[in-house]
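Student: attaching a predicted model along with its sequence, questions to come.
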Amino acid sequence: MSERWIPLDVKDCDPSPFVQFQRWFDEALGEMPEREAITLVTATADARPSARMVLLRHVDDHSFGWYTNYQSRKGRELLANPHAALLWYCEPLGRQIRLEGDVAMMAGDESDAYFNARPRGHQLGAHASAQSEPLESREALEQRVRDLELAYAHLDVPRPAHWGGYRLTPTSFEFWQRREDRLHDRVVYSPDAAGWRRERRCP
């Protein structure tokens with residue numbers, strides 16, 4: 001091979017984009033410090049976008065999921081416009097995957113199960129932080145945590161009603177492989193009657 005990057009061709013891609021995602025995700029294990037980090041892009045009802053990093057905490061053969069505060073900016077935007085885009089980037093392997101799709105809240109029992117498995121400090125933080133709202137000082141936030149530590153000193157910390165999971169069901173995928181001279185490989189999956197159609201796109 002005349003370059004360090006592994007070429008990507010349509011014929012090399014699994015017929016299922018979910019299998020192809022998992023293949024690349026597995027190959028990234030040990031290659032990056034935070035493999036689960038993804039960019040989540042949401043938009044207001046009038047199509048004004050915003051982006052931030054979240055952690056990918058759910059993957060199956062039809063959806064991708066994360067957890068957050070429902071009252072945060074992203075939560076408010078998803079309520080008004082339940083469509084989003086995800087971007088996963090692996091710099092060491094020169095790869096990125098873009099997904100777009102419809103978003104819905106996870107069931108309460110799913111969110112409960114994940115919340116109950118979180119470290120206790122993370123649980124308290126979900127109660128203490130009114131995410132995206134103005135905060136008078138760092139000290140005020142830390143005091144809220146101390147108050148919660150006392151309130152739940154001998155109790156399990158319950159999941160806040162304003163916190164839980166979202167699931168994105170993809171309507172498109174794009175797998176991008178870096179190549180020399182910016183002649184990158186791009187393979188797009190689009191739904192069709194048989195499942196998913198694969199095609200190469202120009203760099």
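Tutor: That came through fine.
Student: what is the longest strand anywhere in the chain packed up against?
Tutor: Looking across the chain with DSSP state E, the single longest strand is strand 163-177. In terms of contact count using 3 or more Cβ pairs under 8 Å, 6 or more residues apart in numbering; DSSP states H and E, strand 163-177 is assigned the packing partners helix 17-27, strand 64-69, strand 95-105, helix 108-117, strand 185-192. C-beta here means a position set from N, CA and C on the backbone, and glycine is covered the same way.
Student: buried set for it?
Tutor: For strand 163-177, the buried set under the neighbour-count rule, 16 or more other Cβ atoms under 10 Å, comprises 163-168, 170, 173-177.
Student: a markdown table for those, including distance to residue 54 and pLDDT?
Tutor: Converted to a markdown table, the buried residues of strand 163-177 look like this (distance: Cβ to Cβ, whole Å; pLDDT from 0 to 100):
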| residue | distance to residue 54 | pLDDT |
| --- | --- | --- |
| 163 | 13 | 97 |
| 164 | 13 | 98 |
| 165 | 11 | 98 |
| 166 | 9 | 98 |
| 167 | 13 | 98 |
| 168 | 11 | 98 |
| 170 | 16 | 98 |
| 173 | 18 | 98 |
| 174 | 19 | 98 |
| 175 | 21 | 98 |
| 176 | 20 | 98 |
| 177 | 24 | 97 |
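Student: spit out the contact partners of the residue positioned nearest the centre of the chain.
Tutor: The residue lying closest to the centre of the chain (Cα atoms, centre = their mean) is residue 56, at 4.2 Å. When contacts are counted by Cβ atoms under 8 Å, 6 or more residues apart in numbering, residue 56 touches 36-38, 64-66, 86, 88.
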